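Chemist: got a structure for you, letters missing:
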């Protein structure tokens, strides 16, 4: 570890991030109707301990307290998502103004505290009524999303300057419709590929909708979770396995968004499942609408190998298991857990993957600024007898990964900001409340918030605009 201090640009944006269903609670208040995650989490056996987001960490009622926490950390930006069913309960028709008022109030409080609001339109909480009508595998859902984007843009365009259409569409499509480990819990690989395309289309349509609703100064982006895929060996077969996973994890989105076309190898790999006839004339120009930046989410790299003969592929892809694979037509690929330190999620700690990811996107999209819109780690944090929470492992993780961002900048990457995931311990999807990603500890019984030592460390980094030598 270097003893020198890594200094960031003066205008570098230091932030933190959350998602609506993970923190808000108030699941049935003021007109909000069920999302697919409400339905999924209330289905026996789908989440650890049967946990749901009904209350979560009660951010809906504790918004002011949570903004004060952020102000105390000195963050320059807060990335939050809007709950689609809180704003447009059926996914159709006019907005519920009381739902929009919550986000207007949040944005106002952030601005008063000197914190830039960064809004994500979709972080996985599709209104259940739209899923009942077919969900993301159906084309109409993309058009409903564009209508929703316009409603939110009209309501908050005077307050929010940085907008994100979708968060991690790979998870929505493949964990939700192929693996079944995320809502809505379906296991149909063709439906997952259809969902991926319609998420892409929804993004493009939403970009157009936002451009009409927002002032010219607003920036429009997307947050992707591209896989940093590494072959287990340098054999031709393992390298081809890495290529297949890269196509399904990353280029299925960046191809149409950045280049206006799906990668030919992706179409070939999946030809035995579908002829891609759900892609219609005019879709690709819509999907490739110009962006102002790209958000990247990174946690751990992916290591793969080819499987030969009758061997059963190993599953260590870090997505919670499940009987079905989230990788359509890649059933002869094994996923491996590389050696080394791991987080409580079982994910290997490897900051080099973040530098690699940033440099790849610098090469692939050289004119687009980049943001790290999620990065962080879960550890088994427990309060001390005096109530304090010490998490040196998280500090080490963040130090390594913020250092990886600095290295990428030094090598030419135009990285404009870093958002720590997450502000608060919260509902961690299918893992329930058993995994803690927060810089702030939450006692789920009392809802008491306690900044961990990592929160104080991050505040020091923000204050200095620099990453000091690691000293924990």
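Modeler: Here it is on my side, so go on. Note that the coordinates shown come from a computational prediction; the quantities given were computed from them, not determined experimentally. Residues are numbered from 1 along each chain as shown.

Chemist: Every contact and neighbour count from this point should use C-alpha atoms.
Modeler: Fine.

Chemist: What residues sit buried inside stretch 124-139?
Modeler: Buried residues in stretch 124-139, counted by 16 or more other C-alpha atoms under 10 Å: 124-131, 135-139.

Chemist: again, but for stretch 62-79
Modeler: 63, 66-67, 69-71, 73-79.

Chemist: Inside helices: which ones of those residues?
Modeler: When DSSP state H defines the helices, the subset of the buried residues of stretch 62-79 inside them is 63, 66-67, 69-71, 73.

Chemist: just to revisit the earlier point, quick check, nearest of the buried residues of stretch 62-79 to residue 19?
Modeler: Nearest to residue 19 out of those is residue 79 (C-alpha to C-alpha; 8.3 Å).

Chemist: how close does the closest one sit to residue 122?
Modeler: 12 Å (C-alpha to C-alpha, to the nearest Å).

Chemist: Which helix or which strand is home to residue 457?
Modeler: Per DSSP states H and E, residue 457 falls inside helix 453-464.

Chemist: what does the next helix or strand after that helix rub up against?
Modeler: Later in the chain than helix 453-464, the nearest helix or strand by DSSP H and E is strand 466-467. Here strand 466-467 makes contact (C-alpha atoms under 8 Å, 6 or more residues apart in numbering) with 5-8, 399, 402-403, 461.

Chemist: rerun at 6 Å
Modeler: Residues outside strand 466-467 that contact it (C-alpha atoms under 6 Å, 6 or more residues apart in numbering) are 5-8, 461.

Chemist: and it, which strands flank it?
Modeler: Sheet partners assigned to strand 466-467 using DSSP bridges are listed as strand 6-7 (antiparallel).

Chemist: got a list of contacts for the partner strand?
Modeler: With C-alpha under 6 Å, 6+ apart, strand 6-7 has contacts from 466-467.

Chemist: after it, next one along is what?
Modeler: That would be, after strand 6-7 and using DSSP H and E, strand 13-17.

Chemist: Show me what the mean pLDDT comes to for whichever helix or strand comes after that following strand.
Modeler: Downstream of strand 13-17, the first helix or strand assigned by DSSP H and E is helix 20-23. The average pLDDT within helix 20-23 is 99.

Chemist: Helix 20-23: what's the following helix or strand?
Modeler: helix 36-41.

Chemist: ok, and what's touching that next one?
Modeler: By C-alpha under 6 Å, 6+ apart, the list of residues contacting helix 36-41 reads 47, 52, 125-126, 128, 183-184.

Chemist: Wait, a helix at residue 151?
Modeler: Yes. Judged by DSSP: H, G, I helix; E, B strand; the rest coil, residue 151 forms part of a helix.

Chemist: any chance you could map the helices in the stretch 51-200 of the chain?
Modeler: 59-73, 84-87, 97-112, 128-132, 139-156, 169-170, 189-213 (DSSP state H, counting those that start in this stretch).

Chemist: Show me what counts as buried in the longest one.
Modeler: It refers to helix 189-213. For helix 189-213, using 16+ other C-alpha under 10 Å, the buried residues are 189-210, 213.

Chemist: Quick one: mean pLDDT over it.
Modeler: Here the average pLDDT along helix 189-213 is 99.

Chemist: Run the angle between it and helix 139-156 for me.
Modeler: 30 degrees (axes from the mean of the first three to the mean of the last three C-alpha atoms, to 10 degrees).

Chemist: quick revisit: show me the common contact partners of residue 79 and residue 122, please.
Modeler: By C-alpha under 6 Å, 6+ apart, no residue touches both residue 79 and residue 122.

Chemist: about what we covered before: out of the contacts of strand 466-467, which comes closest to residue 21?
Modeler: residue 461 (28.9 Å).

Chemist: ok, now which ones touch that closest one?
Modeler: Applying C-alpha under 6 Å, 6+ apart, the residues near residue 461 are residue 467.

Chemist: Show me the contact partners of stretch 215-235.
Modeler: 161-168, 238-239, 242, 249-250, 291-297, 301-305.

Chemist: Can you get me the start-to-end distance on that stretch?
Modeler: 52 Å.

Chemist: how far out from the middle of the chain is that stretch?
Modeler: Computed by C-alpha atoms, centre = their mean, to the nearest Å, the chain-centroid distance of stretch 215-235 equals 11 Å.

Chemist: For that stretch, buried residues please.
Modeler: Quick answer for stretch 215-235 (16+ other C-alpha under 10 Å): 218-232.

Chemist: Quote the end-to-end distance of stretch 293-302.
Modeler: 25 Å.

Chemist: Name the residues of that stretch that come out as buried.
Modeler: 293-302.

Chemist: leaving aside the residues next to it on the chain, what's closest to residue 304?
Modeler: Nearest residue to residue 304 in three dimensions, chain neighbours excluded: residue 335, at 4.6 Å (C-alpha to C-alpha, 6 or more residues apart in numbering).
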